[in-house]
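Enquirer: Sharing a sequence plus its predicted fold:
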Amino acid sequence: MKRPCVYILASGRNGTLYIGVTSDLAKRLWKHKNDVTAGFTKQYQVHTLVHVEAFETMPDAILREKQLKKWRREWKLELIETTNPDWRDLYDDIMR
């Protein structure tokens, strides 16, 4: 999916969360899942895609990422529960 996106990864239900932004979601998710780059998601095993929002422009996506990062944890959990109540890994949906 080549489109500006904000995404949330989780280590598991109600686990550690990671919020990121990218213009190539499939490529970025593959890197996270395969621990290609050292960093937060590799260190804390945060690999489950639980939320995605697509945008028309990268500045819009970056603005949303910054907004979500400022949110309280409970608001982030509520967002995930609203859009993905089973905390299903959305990775396969993206890769189709």
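Expert: Alright, I've got the coordinates. Everything numeric here is computed off the predicted structure, so don't read it as measured data.
Enquirer: Tell me the spacing between Leu79 and Gly39.
Expert: Remark: distance between Leu79 and Gly39 (Cβ to Cβ, to the nearest Å) = 23 Å. All C-beta spots, glycine's among them, are computed from the backbone N, C-alpha and C.
Enquirer: Those two - which one has more neighbours?
Expert: More crowded of Leu79 and Gly39, by other Cβ atoms under 10 Å: Leu79, with 16 against 13.
Enquirer: so what's the more buried one closest to, chain neighbours aside?
Expert: His51 (6.4 Å; Cβ to Cβ, 6 or more residues apart in numbering).
Enquirer: Beta-bridge partners for the one you found, please?
Expert: Taking DSSP bridges as the rule, His51 bridges to Ile8.
Enquirer: And the pLDDT at Met1?
Expert: On the pLDDT scale, Met1 is placed at 54.
Enquirer: now swap in Gln43 and tell me
Expert: 95.
Enquirer: Tell me how many other residues crowd it.
Expert: So Gln43, with other Cβ under 10 Å, has 10 neighbours.
Enquirer: Could you pull up the contacting residues of it?
Expert: Listed by Cβ atoms under 8 Å, 6 or more residues apart in numbering, Gln43 has no contact partners.
Enquirer: Pull up the gap between it and Asn14, please.
Expert: 19 Å.
Enquirer: now what about the longest helix along the chain, what contacts it?
Expert: If you go by DSSP state H, the chain has its longest helix at helix 58-70. Identification of contacts with helix 58-70 by Cβ under 8 Å, 6+ apart yields 4-6, 8, 19-21, 23, 53, 55, 76, 79.
Enquirer: Need the residues you listed in a markdown table (columns: secondary structure, pLDDT and distance to Ala61).
Expert: Below are those laid out as a markdown table (DSSP: H, G, I helix; E, B strand; the rest coil; pLDDT from 0 to 100; distance: Cβ to Cβ, whole Å):
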| residue | secondary structure | pLDDT | distance to Ala61 |
| --- | --- | --- | --- |
| Pro4 | strand | 98 | 4 |
| Cys5 | strand | 97 | 6 |
| Val6 | strand | 98 | 5 |
| Ile8 | strand | 98 | 13 |
| Ile19 | strand | 98 | 11 |
| Gly20 | strand | 98 | 10 |
| Val21 | strand | 98 | 5 |
| Ser23 | strand | 97 | 8 |
| Glu53 | strand | 97 | 8 |
| Phe55 | coil | 97 | 4 |
| Lys76 | helix | 98 | 17 |
| Leu79 | helix | 98 | 16 |
